[in-house]
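Q: Pasting the sequence and the predicted model now:
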Amino acid sequence: MKIKDNKLNWSLNVAARLFVGAVFLFSSFVKGVDPMGTSFKITEYMTAWSIGGMTFEWAVPMATFLSMLLIVMEFTVGVMLIMGSFRRLTSWLLIAMMAFFTVSTLIDALTNKVTDCGCFGDAVKLTNWQTFWKNVVLDVPAVWIVLTNKLRLKRRFERDILTTGFAVVAMVIFGVYNINHEPCIDFRAWKVGNQMIDLDDTLEVKSYVTYRNVKTGEEEEFESSELMAKMEDPAWEQEWEWVSSRVEDPHEIKADGFSMLDLDMEDHARDYIGSEDTLLIITAHHIGKVTAEGVAAIRAMVEKAEDNGVQVVLLTASLPEECEDFLYANDLSNIDYYFADATAIETMTRSNPGFVLMQGGRVLSKTHYKSVETNK
């Protein structure tokens with residue numbers, strides 16, 4: 001299909017490249033600030049997906065590499081689209097990527113094996129169907145970019161090489177930095193400065209109930225005390241039917257699925273997170289994967305905490321015996337330890353181990369183990 005080389009078609013090509021390029025730049029940037037988060041998401045896909053009898057768990061060790069590859073490719077294609085670099089090559093890379101994204105997100109929406117694709121990292125959360133339709137919208141300008149990739153084509157080899165090379169190097173450096181530190185921009189619940197639990201004792205737990213009007217289909221949410229007053233009218237009960245209920249507890253920790261379970265499965269999260277005392281939480285989602293450098297960082301942080309009268313606890317997703325063996329082998333058996341879901345711990349810190357300093361329910365600081373000064 002030949003497209004006429006006129007001002008309108010060229011303007012539409014430029015607009016399409018700017019629009020798709022901007023989306024790619026935003027998507028790659030919010031993933032680039034947290035490549036480990038994308039790595040965890042890729043691992044989730046690898047363990048959840050299968051084709052016939054073939055699974056992809058063999059690729060899990062490459063998750064971090066694949067995360068960086070995806071981020072760098074997405075960022076580079078975004079820059080190339082906006083700058084008009086290697087336009088024919090870029091257009092075909094774009095359509096190949098969009099075909100992969102569209103098909104994979106359609107499968108995801110139909111199966112719901114992974115509930116969040118992570119296409120915009122933790123910055124913007126979309127449902128699987130929202131993600132799929134977002135890709136369908138992007139497919140339209142992507143196809144136009146391919147159809148018009150020869151319009152006003154100019155050879156700018158040296159400029160294009162420099163632009164593309166700069167994009168690749170810049171995102172590699174940016175991504176590697178964020179892998180070896182906590183993300184430079186934190187979009188997660190445990191962001192430094194966030195109040196993770198409300199300590200105001202005057203706040204009360206509130207219950208809400210949603211009812212639907214049987215005639216109009218209208219749904220309305222009522223607070224429990226308000227609902228009791230309405231239910232005194234027999235006619236009201238005949239016109240409305242129960243839909244759902246929820247409880248709003250101001251003293252709940254503001255992080256989904258977070259717990260600090262002891263060996264008896266009792267949850268101590270509120271006691272620790274809501275304490276007025278300063279607390280250092282050592283996070284190790286996979287304690288068996290803690291390196292010698294990580295052990296040295298734990299020792300240094302524990303020593304510093306003890307010198308300053310700071311309480312220390314370890315939070316892990318590993319088995320109790322594995323945790324006990326680790327602490328005993330590294331002369332850290334005086335540390336109390338608790339258990340949580342691996343995903344909840346990975347949401348706190350990306351490093352393994354990581355360190356979260358808290359006081360009065362507020363996150364004071366987060367530290368990657370590679371940022372800890374140790375006596376090597």
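A: Structure's in. What do you need? Quantities reported herein were computed from a predicted structural model and do not represent experimental measurements.
Q: Could you list the low-pLDDT ranges of this structure?
A: 1, 375-376 (pLDDT under 70).
Q: per-domain residue ranges of it.
A: The chain breaks down by automatic domain parsing into domains covering 7-179, 206-248, 269-371.
Q: Redo these as a markdown table? Include distance to residue 193 and mean neighbour count.
A: Just so you know, the C-beta spots here come from the backbone N, C-alpha and C atoms, and that holds for glycine as well. Supplementary listing: the domains of the chain in a markdown table, determined by distance: least, C-beta to C-beta, whole Å; neighbours: other C-beta atoms under 10 Å:
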| stretch | distance to residue 193 | mean neighbour count |
| --- | --- | --- |
| domain 7-179 | 16 | 18 |
| domain 206-248 | 23 | 12 |
| domain 269-371 | 6 | 18 |
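Q: Tabulate those (JSON lines), appending distance to residue 262.
A: JSON lines is the format used below for the domains of the chain (distance: least, C-beta to C-beta, whole Å):
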{"stretch": "domain 7-179", "distance to residue 262": "26"}
{"stretch": "domain 206-248", "distance to residue 262": "25"}
{"stretch": "domain 269-371", "distance to residue 262": "6"}
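Q: among the ones you listed, which is nearest residue 196?
A: Comparing these against residue 196 with C-beta to C-beta, the closest turns out to be domain 269-371 (5.3 Å).
Q: Geometric centre of the chain: which residue is closest?
A: residue 122 (3.8 Å; C-alpha atoms, centre = their mean).
Q: what's the burial count for the closest residue in space to that residue that isn't next to it in sequence?
A: Of all residues not flanking residue 122 in the chain, residue 187 sits nearest, at 3.8 Å (C-beta to C-beta, 6 or more residues apart in numbering). Other residues within reach of residue 187, judged by other C-beta atoms under 10 Å, total 16.
Q: that's a helix at residue 187, yeah?
A: No - read with DSSP: H, G, I helix; E, B strand; the rest coil, residue 187 is coil and lies in no helix.
Q: In three-state terms, label the spatially closest residue to residue 330 that is not a sequence neighbour for me.
A: Closest residue to residue 330 apart from its sequence neighbours, by C-beta to C-beta, 6+ apart: residue 295 at 5.2 Å. When classified by three-state DSSP, residue 295 comes out as helix.
Q: ok, residue 295 to residue 353 distance?
A: Relative to residue 353, residue 295 is positioned 8 Å away (C-beta to C-beta, to the nearest Å).
Q: same deal with residue 106?
A: Counting by C-beta to C-beta - residue 106 and residue 353 are separated by 39 Å.
Q: Equivalent analysis for residue 328, please.
A: 17 Å.
Q: Which of the helices or strands spans residue 64?
A: helix 63-83 (DSSP states H and E).
Q: following that helix, which helix or strand shows up next?
A: helix 87-111.
Q: What residues does residue 155 make contact with?
A: Residues near residue 155 by C-beta atoms under 8 Å, 6 or more residues apart in numbering: none.
Q: what about it, is that helix, strand or coil?
A: coil.
Q: so how far is residue 162 from it?
A: For residue 155 relative to residue 162 (C-beta to C-beta), the value is 14 Å.
Q: do the same with residue 123
A: Applying C-beta to C-beta to residue 123 and residue 162 gives a distance of 29 Å.
Q: give me the number of residues near the closest residue to residue 198 other than its chain neighbours?
A: Counting by C-beta to C-beta, 6+ apart, residue 198 lies nearest to residue 250, which is 4.5 Å off, once chain neighbours are set aside. Residue 250 has 15 neighbours, counted by other C-beta under 10 Å.
Q: Touching, residue 250 and residue 203? I think so.
A: Yes - with contact defined as C-beta atoms under 8 Å, residue 250 counts as touching residue 203 (4.1 Å).
Q: wait, is residue 150 part of a strand?
A: No - read with three-state DSSP, residue 150 is coil and lies in no strand.
Q: Tell me how far it lies from residue 96.
A: 18 Å.
Q: Please apply the same query to residue 124.
A: For residue 124 relative to residue 96 (C-beta to C-beta), the value is 24 Å.
Q: and what of residue 241?
A: 50 Å.
Q: host element of residue 191?
A: Short version: residue 191 belongs to no helix or strand, going by DSSP H and E.
Q: List phi and psi for it.
A: Here is the backbone geometry of residue 191 (degrees, to the nearest 10): phi -60, psi 140.
Q: which ones are touching residue 92?
A: 146, 149.
Q: 7 Å instead?
A: residue 146 (C-beta atoms under 7 Å, 6 or more residues apart in numbering).
Q: ok, it to residue 146 distance?
A: 7 Å.
Q: so where do the helices sit in the stretch 101-250 of the chain?
A: Secondary structure of the stretch 101-250 of the chain (DSSP state H, counting those that start in this stretch): helices at 128-147, 157-179, 224-230, 234-239.
Q: Those into a markdown table, with extra columns for distance to residue 264?
A: Shown next, in a markdown table, are those (distance: least, C-beta to C-beta, whole Å):
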| stretch | distance to residue 264 |
| --- | --- |
| helix 128-147 | 38 |
| helix 157-179 | 37 |
| helix 224-230 | 33 |
| helix 234-239 | 44 |
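Q: how about those helices, which one is nearest residue 245?
A: That would be, of the helices of the stretch 101-250 of the chain and by C-beta to C-beta, helix 224-230, which comes in at 8.9 Å.
Q: Sounds good, over and out.
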